[in-house]
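Undergrad: no sequence for this one, just the structure:
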Ligand code: ATP
């Protein structure tokens, strides 16, 4: 069993900068766990502590049931894959993949077998005698993966392994890594700042902000049941639209617009029931706003259309809604929406709205999210 547990892990750099605060969770045997968050949130620090490349200031780390706080990296039975593939340019692919096994003193026949098995899995067989300089970026990335898998470690630790690849290759490699991990069933921690990568690859995703864990959950739950405003805004692209609003009984006032919040919302969020003139933050995903003339709904508002981006399958429509916009509290979360302070809606391609129109916009009100304006936590 290669379960990894973090118990109240803290990291203080030097004697002052508190980079990680009381990080606690368990990564199950065989699970693909992603650490995600904006730059500087501490995800690499957390991974490096698991790897043993960074001291743990306080707390307890176990791998496969063994406390490893003071165990050397090489004795932790883990394999790391970094952003820089760290391949030896003068060695062939075969020699690069074999290197960690030679260092471990494994016999030649076993090394040959493991290297060839790994090459077959990674479709590198025909490249075994080439040097890294003659390979594409994706092939080099696969060699780095090969070097990790031949060791048959208890866990893979990957720190932004795809960030040197172009966008198209990154999409292809993320699918390859995710399916390889599932086939091998090796416990994996994967660090990225890219929420799409996190959502598409992870069994579960740990969202971090400023050294503090915000939520650890399945991709679907992070999307549909975010614990707070930060997670709500960070997960999903375009971001959730967030506004200050007022709830009076079952009526929501969003700027000058008023509409009824359906019963189903109060059933799933009993914390909202019986509110009298309560300030809330309301969250609306782009796909829950539409052109009311194309797709009417019981909840409708008026909004000024500032931009229409027709993508064929849908139109991204930027809307000015006359309610106070709420910042997610993270400048890196979604830079493209921080400029205009406009809501983004995914309209049906049948919509004919144009920039400058005042549009009637339907809202799937049963899909609304509600947060407390002071704590910024979801209201359940
Ligand atoms: P990025 O995506 O930019 O790599 P990250 O989430 O991985 O960010 P870390 O590299 O873990 O963030 O850094 C977390 C915080 O700790 C940052 O504020 C960083 O400046 C700080 N930090 C990292 N390494 C050190 C160090 N050796 N000494 C002091 N502070 C450090």
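TA: Noted; the coordinates are in hand. Just so it is clear, the model here is predicted, and its values are computed rather than measured.
Undergrad: Up against the ligand, what does the stretch 51-200 of the chain have?
TA: Counting by Cβ under 6 Å from any ligand atom, the residues of the stretch 51-200 of the chain lying close to the ligand are residue 193. Glycine gets a C-beta too; all of them are placed from N, C-alpha and C.
Undergrad: Count the residues that sit near the residue of the stretch 51-200 of the chain found nearest the ligand.
TA: The minimum distance from the stretch 51-200 of the chain to the ligand, using Cβ to the nearest ligand atom, falls at residue 193 (4.8 Å). Neighbour count of residue 193, defined by other Cβ atoms under 10 Å: 18.
Undergrad: now do residue 379
TA: Neighbour tally, residue 379, other Cβ under 10 Å: 17.
Undergrad: any idea which element the closest residue to residue 86 other than its chain neighbours lies in?
TA: In space, residue 86 comes closest to residue 144 once its chain neighbours are excluded; the distance is 7.1 Å by Cβ to Cβ, 6 or more residues apart in numbering. Taking DSSP states H and E as the criterion, residue 144 maps to helix 137-149.
Undergrad: So which elements touch that helix?
TA: Secondary-structure packing of helix 137-149 (3 or more Cβ pairs under 8 Å, 6 or more residues apart in numbering; DSSP states H and E): strand 78-81, helix 93-103, helix 108-121, helix 167-184.
Undergrad: Show the contacting residues for residue 269.
TA: By Cβ atoms under 8 Å, 6 or more residues apart in numbering, the contact list for residue 269 reads 370, 379, 380.
Undergrad: And it, how close does it get to the ligand?
TA: Distance, residue 269 to the ligand, by Cβ to the nearest ligand atom, to the nearest Å: 32 Å.
Undergrad: What separation do you get for that residue and residue 105?
TA: Between residue 269 and residue 105 the distance is 60 Å, computed by Cβ to Cβ, to the nearest Å.
Undergrad: ditto for residue 11
TA: Applying Cβ to Cβ to residue 11 and residue 105 gives a distance of 34 Å.
Undergrad: Who has more neighbours out of these two?
TA: Between residue 11 and residue 105, residue 11 has the larger neighbour count (other Cβ under 10 Å), namely 22 against 6.
Undergrad: That one sits in which helix or strand?
TA: Counting by DSSP H and E, the element that carries residue 11 is strand 4-13.
Undergrad: Counting neighbours, which bits of that strand end up buried?
TA: By neighbour count with 16 or more other Cβ atoms under 10 Å, strand 4-13 contains the buried residues 4, 5, 6, 9, 10, 11.
Undergrad: Going by distance to residue 174, which of these wins?
TA: Of all these, residue 174 sits closest to residue 4, with 21.6 Å by Cβ to Cβ.
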